[in-house]
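Asker: got a predicted structure here, sequence first:
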Amino acid sequence: MEWEIVMGLEVHTELATETKIFCGCSTAFGGEPNTHVCEICSGLPGTLPLLNQRVVEFAVRTGLATNCEITRKNKFDRKNYFYPDLPKAYQISQLYLPICRNGFVEITDADGNPKKIGIHEIHMEEDAGKLIHDEFDDCTLVDYNRCGVPLLEIVSEPDFRSADEVLQYLEKLRAILQFTGVSDCKMQEGSLRADVNLSVRPKGQKEFGTRTEMKNLNSFRAIGRAIAYEANRQIELLEDGEKIVQETRRWDDNKGYSYAMRSKEDAQDYKYFPEPDLPPIEISEETIESIRSAMPELPEQKKRRYIDELGLPEYDTSILTSDKAYVSLFEETLALCGSPKDVANWIMGEVMKLLNDTATLPENMELSPKDLAAVIQMVKSNKINRGTGKTVLEKVFTEGVDPEKYVADNNLAQITDLSALRPVIEEVIAANEKSVTEYKSGKTQAIGYLMGQAMRALKGKAPAQEVQKLLHEILD
Amino acid sequence: MQIDKNLVMYLEKLGRIELSEEQRTASEKDLQDILTYIDTLNELNTDGVEPASHSFPVANVMRQDCVTNTAQREAVLQNAPNEKDGCFVVPKTVE
């Protein structure tokens, strides 16, 4: 039987605000435990939350960037649950009136056609603290630094039919959140987290199958693998005549499998009710318009502009706009040295190779636009050749050297006095009689070997076209 | 709404508390009395009144996104039943 996979996504993203959603504590990642905690976010009785206005602004930005309707009259709701990661024993969230609804993000389906992934809603809420399970003392340690960090939960419609569609959507969404400045989306720091709801059904069937929810997916790779595993598991169960149990499963990326989290004996009962401590939020037409007009350029708009104004191929623009770090490097380098296609090539070629070789994430890259521009300019003006340029860039990237100084200190500049080339080339020819004879007997490819030898003798510092010209001049 | 013993026991479970039989019987009565009292509101005619979750005509009370708090871990941990490595210590929880 042919099966169809059906998925929906719940994405949580931590907002790039300075402070928490309801108090003036810092949201900085990685502080000493419980140093970004006050009486409000630790849930002391008698305290009152006070909403951070930037959270509303970021939520509206995200909604506008994902084609959502913005809810004019908002309120918060209280979601009650008893767990040590939430000292108040409730999370302030939005159930009845989420701030954004009915949007979409466009991706490309398997046949190459545009496909809209529906956004059911986006709501504002607070993150919970971090639990550290102490094996040694058989207890749990709690750090409330993350407690109260603002989150947006972005809930999609069950519109995904393949892992590829899920990953495309996440990449688009990440780019949107990064470009709008809403979140840094660092998955390894938990500022972008995705839960996947997945079910399978015989192809052609209208009704959905029973779904499971997968948590703990903290890289794109893990998401792809977890989807493949879960779809396979469900199909095998159904083909054996068994039933799918609706449950939450936790993915173990090291072991490559998922397991059911201890099922709660009762269905969850969050006893939601309107949050009495926060007055409603009314968003006017003027507010929406002012947020819309101050909105930074989105990836799709940048792509269009790069194609129309800079004449870059569409392929290049897709790669450059896939991450905010590439865009910043591209635009700032371009401002310094011009030549959009050269800058694009260097980023897509050497820079991405270096990131890959050193397993560095783009957002952690330390390469400055100034240094990249210097390398590009030295190559463009023939001060160094492209090969040397790559070596210099690698040194800049890994050791942070100053490119111009490095070239000068290591005597890497090209030989500009062309009369110095001839004696070296003549020596190479004299030392390689065999290749010369081969070349003269018609094996023209032998010149490649001679070329290589000559460049080697010149330590790569001569313009290749001049060397080739001279070789032909002497041999022909 | 009718409160019975099962419902009280369910609420105990959600609230992670355990009542004695005596307290349970008392709570059943108290909760019933509270709900009956609140039910009085249903006698009001609310035709044409927009649903509201707050009684004061106040909206958009917000603050600027500026850090105003500094680290005060010692004070915060004074409320911890137990502490270790700067963290609150609670009985082991496993998901």
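Answerer: Yep, that arrived. Residues are numbered from 1 along each chain as shown, chains lettered A, B, ... in the order given.
Asker: how many neighbours does residue 88 have?
Answerer: I'll assume chain A. 19 (other C-beta atoms under 10 Å in any protein chain shown). Heads up, the C-betas are built off the backbone N, CA and C, glycines and all.
Asker: sorry, should have said chain B
Answerer: Neighbours around B:Phe88, by other C-beta under 10 Å: 25.
Asker: which strands and helices sit next to the strand or helix carrying it?
Answerer: For B:Phe88, the enclosing helix or strand under DSSP states H and E is strand B:87-91. Packing contacts for strand B:87-91, counted by 3 or more C-beta pairs under 8 Å, 6 or more residues apart in numbering or on different chains; DSSP states H and E, involve strand A:139-143.
Asker: the strand it packs on - which strands sit beside it in the sheet, and in what orientation?
Answerer: strand A:130-134 (antiparallel), strand B:87-91 (antiparallel) (DSSP bridges).
Asker: ok so, going back, quick one: residues in contact with the strand holding B:Phe88.
Answerer: Residues outside strand B:87-91 that contact it (C-beta atoms under 8 Å, 6 or more residues apart in numbering or on different chains) are A:33-34, A:84, A:132, A:134, A:137, A:139-144, B:77, B:80-83.
Asker: for the buried ones among those, write the corresponding ChimeraX selection.
Answerer: To isolate the buried members of the contacts of strand B:87-91 in ChimeraX, using 16 or more other C-beta atoms under 10 Å in any protein chain shown:
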select /A:33,34,84,139,140,141,142,143,144 /B:77,80,83
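Asker: state the distance from the residue positioned nearest the centre of chain B to chain A.
Answerer: With distances taken as C-alpha atoms, centre = their mean, the residue of chain B nearest its centroid is B:Gly15 (9.0 Å). Distance of B:Gly15 to chain A, computed by C-beta to the nearest C-beta, to the nearest Å: 7 Å.
Asker: show the pLDDT at that residue.
Answerer: On pLDDT, B:Gly15 comes in at 82.
Asker: quick one: contacts for A:Lys324?
Answerer: A:Ala175, A:Gln178, A:Phe179, A:Glu363.
Asker: now list the buried members of the residues you listed.
Answerer: Neighbour-count burial (16+ other C-beta under 10 Å) applied to the contacts of A:Lys324 gives A:Ala175, A:Gln178, A:Phe179.
Asker: between those residues, which is nearest chain B?
Answerer: A:Gln178 (18.5 Å; C-beta to the nearest C-beta).
Asker: interface residues of chain B facing chain A?
Answerer: Of all the residues in chain B, those in contact range of chain A (C-beta under 8 Å from any C-beta of the partner chain) are B:10, B:13-16, B:53-54, B:56, B:58-69, B:71-73, B:76-77, B:79, B:82, B:84-95.
Asker: mind checking which of those residues are in strands?
Answerer: Those of the residues of chain B next to chain A mapping onto strands are B:Met62, B:Arg63, B:Lys84, B:Cys87, B:Phe88, B:Val89, B:Val90, B:Pro91, per DSSP state E.
Asker: ok, of these, which come out buried?
Answerer: Buried among those by 16+ other C-beta under 10 Å: B:Met62, B:Arg63, B:Cys87, B:Phe88, B:Val89, B:Val90.
Asker: which two in those residues are spaced the farthest apart?
Answerer: B:Met62 and B:Val89 (35.4 Å; C-beta to C-beta).
Asker: hmm, back to that, now the buried ones among the contacts of A:Lys324 in a markdown table, with secondary structure and pLDDT?
Answerer: Shown next, in a markdown table, are the buried ones among the contacts of A:Lys324 (DSSP: H, G, I helix; E, B strand; the rest coil; pLDDT from 0 to 100):
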| residue | secondary structure | pLDDT |
| --- | --- | --- |
| A:Ala175 | helix | 92 |
| A:Gln178 | helix | 93 |
| A:Phe179 | helix | 93 |
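Asker: quick one: mean pLDDT for the longest helix along chain B?
Answerer: Criterion DSSP state H: the longest helix present in chain B is helix B:21-39. Mean pLDDT, helix B:21-39: 95.
Asker: is stretch A:283-302 anywhere near chain B?
Answerer: No: remark: stretch A:283-302 sits outside contact range of chain B, by C-beta under 8 Å from any C-beta, the gap being at least 8.6 Å.
Asker: now find how far off-centre that stretch is within its chain.
Answerer: The chain centre lies 22 Å from the centre of stretch A:283-302; the measure is C-alpha atoms, centre = their mean, to the nearest Å.
Asker: what comes up buried for it?
Answerer: So for stretch A:283-302, counting by 16+ other C-beta under 10 Å, buried means A:Ile283, A:Thr287, A:Ile291, A:Met295, A:Leu298, A:Pro299, A:Glu300, A:Lys302.
Asker: so which residues make contact with it?
Answerer: Outside stretch A:283-302, the residues within contact range by C-beta under 8 Å, 6+ apart are A:56-57, A:60-61, A:64-65, A:70-72, A:74, A:99, A:172, A:175-176, A:179-181, A:305, A:317, A:320-322, A:327.
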